[in-house]
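1. my questions concern the predicted model and sequence given below.
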Amino acid sequence: MADSYVGREVAGQFRIVERIGSGGMGAVYKAEQPQMNRHVAIKILHSRYLSRKDLVSRFRREARAMSHLSHPNTARVFMYGQLEDGACYFVMEYLEGRNLAQLVRREGPMDQKRAIHVMSQVCGALDEAHRAGIIHRDLKPENVFLTTQGGIEDYPKVLDFGLAKVTEKQMRPGSMILTREGMVFGTPEFMSPEQARGKTLDPRSDIYSLGVILYELLTGKLPFDARQPIEFIQLHVNEQPIPLTERAKELELLPGLEAAVMKALEKNPDDRYATAAEFAEALEAVAAGRPSFGTSKSIFGESEPAPPAKPVSEPAPPSTRPKPASEPATPQQAIAPPSGQMNPQSPLPWLVLGAGVVLALGGAAALIFALLQ
């Protein structure tokens with residue numbers, strides 16, 4: 001494509017200034033929008049791919065998917081169209097910063113709480129997409145861009161929904177399903193086991209990819225050792241990830257962090273977090289140093305002990321009333337002494353003793369009277 005687009009106008013309101021990125025399918029340019037006094041990014045598909053209906057559909061699908069999302073951590077798309085030469089393009093917000101892959105390569109593993117802060121926001125963006133029926137399918141550090149927005153640092157933006165799977169919830173009548181079971185799309189290092197098998201995906205596949213990204217942020221390494229893409233695919237399907245504590249032996253992990261990451265990396269989707277929001281909740285709980293309580297089952301997959309039941313007080317008999325602390329207890333309330341001991345506070349033993357004395361004295365008097373007769 002060289003720089004043939006630099007200096008050109010797009011849609012009568014954008015002027016391309018420079019190329020800021022490129023890939024196999026096209027390039028991304030920085031452009032001015034004088035009427036709005038701002039810069040935008042324009043992604044242009046190579047015109048030579050116009051004959052590839054699958055690639056054109058993929059490009060349009062990315063623009064459509066991103067335009068339907070409004071979460072602040074998703075890169076915004078403003079418009080979509082075609083240039084005079086037929087090349088497809090879409091206009092999106094211009095971001096300054098670095099993606100997570102560049103950040104880790106430059107700075108090494110990220111601080112644990114910083115990584116949690118970033119990934120919790122990414123989970124928010126993905127949760128909105130999932131609720132809208134959109135599965136990203138190509139989550140990786142290169143597709144999470146870290147910028148500063150409104151003075152807030154470490155503000156991630158999720159990019160590149162080019163492989164997004166639009167579920168039946170988003171399908172229009174007559175739409176062609178471009179991704180079918182048995183076909184494998186995505187980046188091998190970050191794809192879920194079911195994605196590696198070419199199975200039908202749901203949002204939990206993206207959660208697995210989020211787990212791999214967080215693993216790399218924390219350790220600077222992937223959860224598997226492999227040299228070729230096919231090896232990563234086989235390991236995702238057949239092997240357990242290397243534990244975080246083994247990958248980063250010198251790192252003192254926050255309590256619960258390894259359990260949270262490894263739960264996201266479970267082979268069986270049913271054993272992962274059900275939603276991206278649930279994953280974010282677990283991470284935020286780890287950062288706050290508190291246990292996470294969900295429903296009857298812990299979000300870490302372990303049964304939580306039930307809270308101790310509060311004792312239920314039996315209702316008092318109608319004839320009794322609460323006594324102040326200074327009021328002596330009645331006989332009914334007195335505590336019985338141990339067997340063989342007499343409670344001096346109870347009048348009953350003294351009554352019995354008095355009656356015995358009276359009987360004894362009466363018997364003695366009767367005996368003396370009989371002797372005198």
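-> In hand now; what should we look at?

2. closest to the centroid, which residue in this protein?
-> A centroid search over the chain (CA atoms, centre = their mean) returns Phe279, at 1.5 Å, as the residue closest to the centre.

3. which strand or helix spans that one?
-> Secondary structure from DSSP states H and E places Phe279 in helix 276-288.

4. can you pull the contacts of the residue nearest to the centre of the chain?
-> 123, 207, 210-211, 260, 264, 273 (CB atoms under 8 Å, 6 or more residues apart in numbering). C-beta: built from backbone N, CA, C; applies to glycine.

5. apply 6 Å and report the result again.
-> Counting by CB atoms under 6 Å, 6 or more residues apart in numbering, Phe279 makes contact with 123, 207, 264, 273.

6. quick one: the strands in the protein, in order.
-> Here the chain has its strands, by DSSP state E, at 9-10, 14-22, 26-33, 38-45, 77-82, 88-93, 97-99, 134-135, 144-149, 152-158, 165-166.

7. kindly reformat those as a markdown table containing mean pLDDT and mean neighbour count.
-> Listed next are the strands of the chain as a markdown table, based on pLDDT from 0 to 100; neighbours: other CB atoms under 10 Å:
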| stretch | mean pLDDT | mean neighbour count |
| --- | --- | --- |
| strand 9-10 | 94 | 16 |
| strand 14-22 | 93 | 15 |
| strand 26-33 | 93 | 20 |
| strand 38-45 | 94 | 21 |
| strand 77-82 | 90 | 17 |
| strand 88-93 | 92 | 21 |
| strand 97-99 | 95 | 17 |
| strand 134-135 | 90 | 24 |
| strand 144-149 | 96 | 19 |
| strand 152-158 | 96 | 18 |
| strand 165-166 | 51 | 23 |
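
8. so which of these gets nearest Leu251?
-> Nearest to Leu251 among the strands of the chain is strand 152-158 (19.8 Å), distances taken as CB to CB.

9. the closest one vs strand 88-93, what angle?
-> Orientation check (axes from the mean of the first three to the mean of the last three CA atoms, to 10 degrees): strand 152-158 against strand 88-93 gives 160 degrees.

10. tilt between strand 152-158 and strand 144-149?
-> Per the same axes, to 10 degrees, the angle that strand 152-158 makes with strand 144-149 is 140 degrees.

11. which strands or helices does strand 152-158 pack on?
-> With contacts taken as 3 or more CB pairs under 6 Å, 6 or more residues apart in numbering; DSSP states H and E, strand 152-158 sits against helix 112-131, strand 144-149.

12. picking up where we left off before, now the strands of the chain in a markdown table, with distance to Pro241?
-> Formatted as a markdown table, the strands of the chain follow (distance: least, CB to CB, whole Å):
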| stretch | distance to Pro241 |
| --- | --- |
| strand 9-10 | 44 |
| strand 14-22 | 31 |
| strand 26-33 | 33 |
| strand 38-45 | 33 |
| strand 77-82 | 34 |
| strand 88-93 | 34 |
| strand 97-99 | 23 |
| strand 134-135 | 22 |
| strand 144-149 | 20 |
| strand 152-158 | 23 |
| strand 165-166 | 24 |
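
13. and these: which comes nearest Lys113?
-> Of those, the one closest to Lys113 (CB to CB) turns out to be strand 152-158, at 10.7 Å.

14. as CSV, could you dump the C-alpha coordinates of that closest one?
-> Extracted C-alpha coordinates of strand 152-158, given in CSV (Å, rounded to 0.1, in the frame of the first residue of the first chain):
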residue,chain,number,x,y,z
ILE,A,152,-7.0,8.4,34.2
GLU,A,153,-3.9,6.3,33.6
ASP,A,154,-3.8,2.6,32.7
TYR,A,155,-7.1,2.9,30.8
PRO,A,156,-7.4,-0.2,28.5
LYS,A,157,-9.2,-0.2,25.2
VAL,A,158,-10.2,-3.5,23.6
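
15. list the contacts of it.
-> Counting by CB under 6 Å, 6+ apart, 73-75, 95, 118, 121-122, 125, 144-147, 149 sit against strand 152-158.

16. stretch 216-228 now?
-> With CB under 6 Å, 6+ apart as the test, stretch 216-228 has contacts from 104, 108-110, 115, 189, 215, 232, 235, 241-242, 247-248.

17. what about that stretch, how long is it end to end?
-> 18 Å (CA to CA, to the nearest Å).

18. any idea how far that stretch is from the middle of the chain?
-> Using CA atoms, centre = their mean, to the nearest Å, the mean C-alpha position of stretch 216-228 is found 21 Å from that of the whole chain.

19. equivalent analysis for stretch 221-237, please.
-> With CA atoms, centre = their mean as the basis, stretch 221-237 stands 24 Å off its chain's centre.

20. residue contacts, the residue nearest to Ser67 when sequence neighbours are not counted?
-> Nearest non-adjacent residue to Ser67, counting by CB to CB, 6 or more residues apart in numbering: Val77, 4.5 Å away. Under the criterion of CB under 6 Å, 6+ apart, the contact list for Val77 reads 63, 66-67, 90, 92.

21. one more: Thr147?
-> Contact analysis of Thr147 by CB under 6 Å, 6+ apart lists 95-97, 155.

22. now the residues you listed as TSV including distance to Arg48?
-> Shown next, in TSV, are those (distance: CB to CB, whole Å):
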residue	distance to Arg48
Leu95	27
Glu96	30
Gly97	31
Tyr155	36
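
23. out of these, the closest to Asp202 would be?
-> Of all the contacts of Thr147, Asp202 sits closest to Tyr155, with 28.0 Å by CB to CB.

24. can you report how many residues lie near Asp85?
-> Residue crowding around Asp85 was assessed by other CB atoms under 10 Å; the count is 10.

25. which two among the contacts of Phe279 are spaced furthest apart?
-> Spanning the widest gap among the contacts of Phe279 are Cys123 and Ala264, at 10.0 Å by CB to CB.
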